[in-house]
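> prediction below, plus the sequence it came from.
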2 protein chains.
Amino acid sequence: MAQNTAIKVNETSRSAVGRDGVLDIAARLFREQGYGSVSLRKIAEAAGIKAGSIYYHFGSKDEIVAAVLDAGIRVVHASMRDAITDLRADTDGETVLRAAIRAHLHALLDVSDYTSANVRIFGQVPQSVRDANLPTRRAYEAEWDSLLSQLKKDGTLKQDVDIRRLRLMLIGTLNATLDWFDPDRGSADALSRTYADVFLNGILQRQDT
Amino acid sequence: MAQNTAIKVNETSRSAVGRDGVLDIAARLFREQGYGSVSLRKIAEAAGIKAGSIYYHFGSKDEIVAAVLDAGIRVVHASMRDAITDLRADTDGETVLRAAIRAHLHALLDVSDYTSANVRIFGQVPQSVRDANLPTRRAYEAEWDSLLSQLKKDGTLKQDVDIRRLRLMLIGTLNATLDWFDPDRGSADALSRTYADVFLNGILQRQDT
DNA sequence: TTATTAACCTAACAGGCATTAGTTTGGCGT
DNA sequence: ACGCCAAACTAATGCCTGTTAGGTTAATAA
């Protein structure tokens, strides 16, 4: 997200944070502290500018948080889609699903303040901001539903699973990780393997074989 | 939580909401709107009193939210413990785990504004309030760890599961339900069965048998 | 050199916030 | 009938919030 806009960006004054810089900092603060306790003055201070200056880049606080939310979904969507698109066409269903889970968790825990901020504050922002984020969300959800439907059709998944419910459960589980994950206690990658193991095979000791 | 305190409660003026009434209303508003957008004035208005009057019952806003958080855990803890205690001593492990999952989801979705408020706002409240809630939380977590450890010992669960990680995953998944659950689309009870099915057996089509 | 402009600053605004102190009400036990 | 006291009210405090209008800087383009 720190990438330049299409137009050339002028390295003006000594330290110009610019729109993207403000957005980066806002995303980080939202992830760390939640929505309610992050004021424009806090964002400005962290960016090294004054609160009023933010209005040069954004029309309102809602516009900032909406931009953060949207970028958050777009990042994790791209991460997940790339992960499953990069696989060979004949990859087995289980491997594809594992890759999707790993990609989501990777974006959430390792890569993006935007994605983690989205998960963290979505339930705290004004209704209008939530609504504005819905189309982007639905596109990501559709990507999952498409994947899960295919896995069901090709016999990877049980035939009695409810796609929507499974997707809600799956993403809900992955996102909930944000509340307790500590990178010092284990990698997101190892965690994603545990998640996949549980979802695919369950935790019950099996007496077959 | 609307129960009277040990001491006799005097039905004083025409409509005395009292401490418990204020707390009930606060819990409901916190569940519905989150922490940040619920002011003392909103709570007071919903209770039919003025904002300042709340200070007769509570010393601060933090004290209110702390009381809500604590009650939330105590309710779900009691629900879960009762559910597994009521079972016969020779009940098989799978059934016990299913009962625990059902009880947690029942408290969260069907019964208690306090429990749902806790899950919803815990990540939004001041650090000091979170800390005050930790002991109660740890007690509930210990109950789960105890149950899961026993199920692992008696061979119900796979021997390579990490208890702590499984508990975090399990409770995280159940709590995440709060973000999307719609009672019009299905009961919490049916949902708990789906959850248990997935966690116990996984979603993979099996080619054994 | 001059004009332009992106990026910032200053200073103030009205409104909402939690909190406080002092006052009033009205039912209960005596 | 009297006094007590739980449970409310009124009115004000200072602080923080998002937001606005108008002024400043400094680098670039002509």
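Done, it's in.

> CA only for contacts and neighbour counts going forward, please
Fine.

> give the rounded mean pLDDT of stretch A:104-114.
Here stretch A:104-114 scores 97 as its mean pLDDT.

> how about that stretch, which residues are buried there?
Within stretch A:104-114, the residues scored as buried using 16 or more other Cα atoms under 10 Å in any protein chain shown are A:H104, A:L105, A:H106, A:A107, A:L108, A:L109, A:S112, A:D113, A:Y114.

> ok, those residues vs DNA strand D, which is closest?
Closest approach between the buried residues of stretch A:104-114 and DNA strand D, by Cα to the nearest atom of the strand: A:Y114, at 18.1 Å.

> distance check, the closest residue in space to the closest one that isn't next to it in sequence against B:L191.
Spatial nearest neighbour of A:Y114, excluding adjacent residues (Cα to Cα, 6 or more residues apart in numbering or on different chains): A:G72 at 4.2 Å. Per Cα to Cα, to the nearest Å, A:G72 is found 29 Å from B:L191.

> thinking again about what came up before, give me the distance between the residue nearest to A:Y114 and DNA strand D.
Distance of A:G72 to DNA strand D, computed by Cα to the nearest atom of the strand, to the nearest Å: 20 Å.

> how close does that residue sit to A:N133?
A:G72 sits 10 Å away from A:N133, going by Cα to Cα.

> re earlier: who has more neighbours out of A:G72 and B:L191?
Neighbours around A:G72 and B:L191, counted as other Cα atoms under 10 Å in any protein chain shown, are more numerous at A:G72. The numbers are 26 against 18.

> give me the secondary structure label for that one.
Under DSSP: H, G, I helix; E, B strand; the rest coil, A:G72 falls in the helix class.

> centroid residue for chain A?
Most central in chain A under Cα atoms, centre = their mean is A:T115, positioned 3.1 Å from the mean C-alpha point.

> so what's it up against?
Applying Cα atoms under 8 Å, 6 or more residues apart in numbering or on different chains to A:T115 gives the contacts A:L69, A:A71, A:G72, A:I73, A:V75, A:V76, A:A107, A:L108.

> show me where chain A has its helices.
According to DSSP state H, chain A carries its helices in the segments A:18-33, A:40-47, A:54-57, A:61-85, A:93-106, A:113-121, A:127-153, A:163-176, A:188-201.

> how about the CA coordinates for the third one, as PDB?
Extracted as PDB, the C-alpha positions of helix A:54-57 are listed here (Å, rounded to 0.1, in the frame of the first residue of the first chain):
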ATOM      1  CA  ILE A  54      -5.000  15.500   7.200                       C
ATOM      2  CA  TYR A  55      -7.900  17.200   5.500                       C
ATOM      3  CA  TYR A  56      -5.600  18.000   2.600                       C
ATOM      4  CA  HIS A  57      -5.500  14.300   1.800                       C
END
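
> now find how far off-centre it is within its chain.
Put simply, helix A:54-57 sits 26 Å off its chain's centre (Cα atoms, centre = their mean, to the nearest Å).

> what's it packed up against?
In terms of contacts (3 or more Cα pairs under 8 Å, 6 or more residues apart in numbering or on different chains; DSSP states H and E), helix A:54-57 is packed against helix A:18-33.

> just the angle between the helix it packs on and helix A:113-121, please?
Using axes from the mean of the first three to the mean of the last three Cα atoms, to 10 degrees, the inter-axis angle of helix A:18-33 relative to helix A:113-121 is 40 degrees.

> and helix A:18-33, anywhere near DNA strand C?
Yes: interface with DNA strand C: helix A:18-33 contributes A:G18, A:R19 (Cα under 7 Å from any atom of the strand).

> near DNA strand D at all, that helix?
No: no part of helix A:18-33 sits near DNA strand D under the criterion Cα under 7 Å from any atom of the strand; the closest distance found is 11.0 Å.

> report the buried residues of that helix.
Neighbour counts over helix A:18-33 (16+ other Cα under 10 Å) mark A:18-19, A:22-31, A:33 as buried.

> remind me which residues of chain A are low pLDDT?
A:1-15, A:208-209 (pLDDT under 70).

> around chain B, which positions in it sit nearby?
A:33-34, A:36, A:123-124, A:155-159, A:161, A:168-169, A:172-173, A:176-177, A:179-180, A:198-206 (Cα under 8 Å from any Cα of the partner chain).

> quick one, which of those are buried?
Neighbour counting over those (16+ other Cα under 10 Å) leaves A:33-34, A:36, A:123-124, A:156-157, A:161, A:168-169, A:172-173, A:176-177, A:198-205 as the buried ones.

> mind checking how far A:D154 is from A:R165?
For A:D154, the distance to A:R165 - Cα to Cα - is 19 Å.

> out of the contacts of A:T115, the closest to chain B would be?
Chain B lies nearest to A:L108 out of the contacts of A:T115, by Cα to the nearest Cα, at 15.3 Å.
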